[in-house]
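Trainee: Structure of the sequence below:
(4 chains)
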There are 2 protein chains.
Amino acid sequence: MATIRDVAKLADVSVSTVSLALSNPARVSPKTLEKIRHAVAAVGFVADPLAQSLARGRSRMIGFVVGNVGNPFFGDIRRELENYALDHNHFVLVTDSSGKTGREKAMVEHLIGLKTAGLALAPSGHDQDYLDFVAGLNVPIVCFDQKVAGIERDFVGSDNHLAGAMLTEHLLQLGHRRIAFITGPSHMHTATERYRGFTDTMANAGVEVNPNFVVDGQFTRTAGYEAAMRLLIQPERPTAILGANNTVALSALQAMQELGFRCPEDISLAMIDNVQWSSVITPRITMVVQDTLALGGIIARRLMHRITNPQGAVEPPQDFVLTPKFVSGNSCRRV
Amino acid sequence: MATIRDVAKLADVSVSTVSLALSNPARVSPKTLEKIRHAVAAVGFVADPLAQSLARGRSRMIGFVVGNVGNPFFGDIRRELENYALDHNHFVLVTDSSGKTGREKAMVEHLIGLKTAGLALAPSGHDQDYLDFVAGLNVPIVCFDQKVAGIERDFVGSDNHLAGAMLTEHLLQLGHRRIAFITGPSHMHTATERYRGFTDTMANAGVEVNPNFVVDGQFTRTAGYEAAMRLLIQPERPTAILGANNTVALSALQAMQELGFRCPEDISLAMIDNVQWSSVITPRITMVVQDTLALGGIIARRLMHRITNPQGAVEPPQDFVLTPKFVSGNSCRRV
DNA sequence: CAGTTTCATCGAACCGGTTCGATTTAATCA
DNA sequence: TGATTAAATCGAACCGGTTCGATGAAACTG
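Mentor: This is a model prediction of the structure:
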């Protein structure tokens, strides 16, 4: 590996001049610049990113921290961020916390140790400890997906209240009254907002929500499955089930299939968030999806803005909330 | 951030002694060690990984390079590797090349620049240029998924010939003779092996393969969809379709649904590799799946072995080929 | 007890860049 | 043309660790 000193020797200039020429060519005379360029090419010099980061106290890497990279929602966002970052000469490191706050902390700390230029973070925690932790991080951070009260950072996400409301409204329009809702964890903003969207819309329509029709699916497969089972074994069953996310909704579909209920003939189903291969799942589920590409684009732009602009770091945090989109399927029937 | 010099000052010893104490406590006298430990705790010292890597010429990071982190196949492997690495005090950096060889190269080069201790690589290329590139990388590497002729590295994967053969045999047993096969890219070892498994089994059974029944799906959604369409519009249609991977098979299912063919009543379908939520896809597809957890475990162990063992680096490359598993669904009917 | 080992510790060089004040060179002005 | 200013280049310190030969003290040998 050729070092900057090899280049300096060959070009017959000082090391500092080479460094200057590489980072700010305009401040070097044309003929020295030429010499240096030749030398760089001759020895095949490539700057060592580690040494650079150590000296600068900052690297060209961006940390992407989510709970599940396998989720297509995060996948789309990651791709957008990656493309944008690459165009701006930055490099994305992906980490997966498996939704565990402890692991997320460790990973973030490691990324900080690597002197990452910035972080795109889907927060997994919510308690005071976590808030302090995030507040103490001294790098540009754009949070997304989960709006956490108390985190003073840029946030990019969707209008989850609206998402819940849209599907509820749709089911009401189709004549459903006995609508069940499978919720997510109560400490998650997306979960509570979606649920509020449901209850508010029901209240507006003057339809009472049967407390037995609200079950907790934790946004996980196992809890979602059990929650759905609890719904389905009731003597008075709901005519429609609304899943607060893709996982619990599909778990419910599985439960329905196993118990022999047909969808939508026996029970209608709707969900928030898309899933891979939704087009070959029978029935095609009616859903509200987030504009992942737009979200990813905003996250990328906002983060790079903060990173590259000297004054970007001190701009007050800002929220970007996008409107989700209704995608009609054939999992909801008129009653 | 406290540095090692702060610790040295407080403990009233030299910097080199602190460094020694931290990396090899046994070589330091008990009482100095105690002093140093106190000082470390007092100033809250944590070694800067960047500085460490620079000085050592090697980091504690492992690069994980695949074409699509969202693919559950890679996801499972990543998780296994991550768990194992974490237990051994290493950290996994995940990168996604989107299947583009150029991007993969850039990412690998970046990881090498970061002085990663090792690489788990799902190769995306196959030409001489690529072979030279991989051969030139001077770090422990374990390749997986795609066996590339000419890469002299450890390889971990499944018996793809067998995978193709198992499903073909299954369809033959059910009485199918007009079996179609949707292939993957001809330069991919997995694709050709699976196809060979198909043709060999057909030949053994004395059943001729209709050339019109072999179409190229490129392992992608669009090509897979088109390929399936080509199969389905033929006057003499196949009675069963075998998809060389999950993507082309599900694309075929979609095509069938759109053209009004029922599966398995009209056409049977089988595929290689699992997909998320396969249990709620109707019909449940009969498939052959790879043991991703085992694959991940082997990759992790092999890589860490090469990394941590001084002589591990020179051990000759080895192939680990696992037997895939048959998972029965209800997408294949007897004819 | 002198002579040789062993052990603990230290100092300095090093990894490969960046940065900034100082110095030399070139350009501008009176 | 000499004085002033701007531009180009350089040297040395620095980022925060590691490594290795040198040094001095303690332990062992005969």
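
Trainee: before we move on, which element is A:Glu82 in?
Mentor: helix A:72-87 (DSSP states H and E).

Trainee: what about the helix or strand following that helix and chain B, touching?
Mentor: Following helix A:72-87 in sequence order, the next helix or strand is strand A:91-96 (DSSP H and E). Yes. Using Cβ under 8 Å from any Cβ of the partner chain, strand A:91-96 reaches chain B at A:Phe91, A:Val92, A:Leu93, A:Val94, A:Thr95, A:Asp96. For every residue, glycine as well, the C-beta is placed using N, CA and C.

Trainee: mind checking how far strand A:91-96 is from the chain centre?
Mentor: A distance of 12 Å separates the centroid of the chain from that of strand A:91-96, by Cα atoms, centre = their mean, to the nearest Å.

Trainee: So what touches it?
Mentor: For strand A:91-96, the external contacting residues (Cβ atoms under 8 Å, 6 or more residues apart in numbering or on different chains) are A:60-69, A:78, A:81-82, A:85-86, A:107, A:111, A:114, A:116, B:69, B:78-79, B:82, B:93-96, B:107, B:110.

Trainee: quick one, that strand and strand B:91-96 angle?
Mentor: Taking axes from the mean of the first three to the mean of the last three Cα atoms, to 10 degrees, one finds strand A:91-96 and strand B:91-96 inclined to each other by 110 degrees.

Trainee: Briefly note if whichever helix or strand comes after strand A:91-96 comes near chain B.
Mentor: Using DSSP H and E, the next helix or strand after strand A:91-96 towards the C-terminus is helix A:101-113. Yes. Using Cβ under 8 Å from any Cβ, helix A:101-113 reaches chain B at A:His110, A:Gly113.

Trainee: for helix A:101-113, packing partners?
Mentor: strand A:61-66, strand A:91-96, strand A:118-121, helix A:128-135, helix B:49-56 (3 or more Cβ pairs under 8 Å, 6 or more residues apart in numbering or on different chains; DSSP states H and E).

Trainee: neighbouring strands for the third one, and are they parallel or not?
Mentor: In its sheet, strand A:118-121 lies beside strand A:61-66 (parallel), strand A:141-144 (parallel), with partners assigned from DSSP bridges.

Trainee: Quick one: classify whichever residue of the stretch 101-250 of chain A sits closest to DNA strand C as helix, strand or coil.
Mentor: Using Cβ to the nearest atom of the strand, A:Lys115 is the residue of the stretch 101-250 of chain A that sits closest to DNA strand C, at 12.1 Å. Three-state call for A:Lys115 (DSSP: H, G, I helix; E, B strand; the rest coil): coil.

Trainee: And it, its phi and psi?
Mentor: phi 60, psi 40 (degrees, to the nearest 10).

Trainee: Which residues are in contact with it?
Mentor: Applying Cβ under 8 Å, 6+ apart, the residues contacting A:Lys115 are A:Ser53, A:Leu54, A:Arg56, A:Gly57, A:Arg58, A:Ser59, A:Met61, B:Leu50.

Trainee: Select only the buried ones of those in PyMOL?
Mentor: Here is the PyMOL selection string for the buried members of the contacts of A:Lys115, based on 16 or more other Cβ atoms under 10 Å in any protein chain shown:
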select buried, (chain A and resi 53+54+59+61) or (chain B and resi 50)
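
Trainee: And the contacts of A:Lys115, which is closest to A:Val28?
Mentor: A:Arg56 (19.2 Å; Cβ to Cβ).

Trainee: Nearest residue to the residue in the stretch 151-300 of chain A that DNA strand C sits nearest to in space, please, no chain neighbours.
Mentor: Here the stretch 151-300 of chain A gets closest to DNA strand C at one residue, A:Ala300, 24.3 Å apart by Cβ to the nearest atom of the strand. Leaving aside its chain neighbours, A:Ala300 sits nearest to A:Tyr84 (3.6 Å; criterion: Cβ to Cβ, 6 or more residues apart in numbering or on different chains).

Trainee: ok, the residue nearest to A:Cys332 when sequence neighbours are not counted - how many residues close by?
Mentor: Closest residue to A:Cys332 apart from its sequence neighbours, by Cβ to Cβ, 6+ apart: A:Ser268 at 4.0 Å. When counting by other Cβ atoms under 10 Å in any protein chain shown, one arrives at 26 neighbours for A:Ser268.

Trainee: Equivalent analysis for A:Ile272, please.
Mentor: Neighbours of A:Ile272 (other Cβ under 10 Å): 27.
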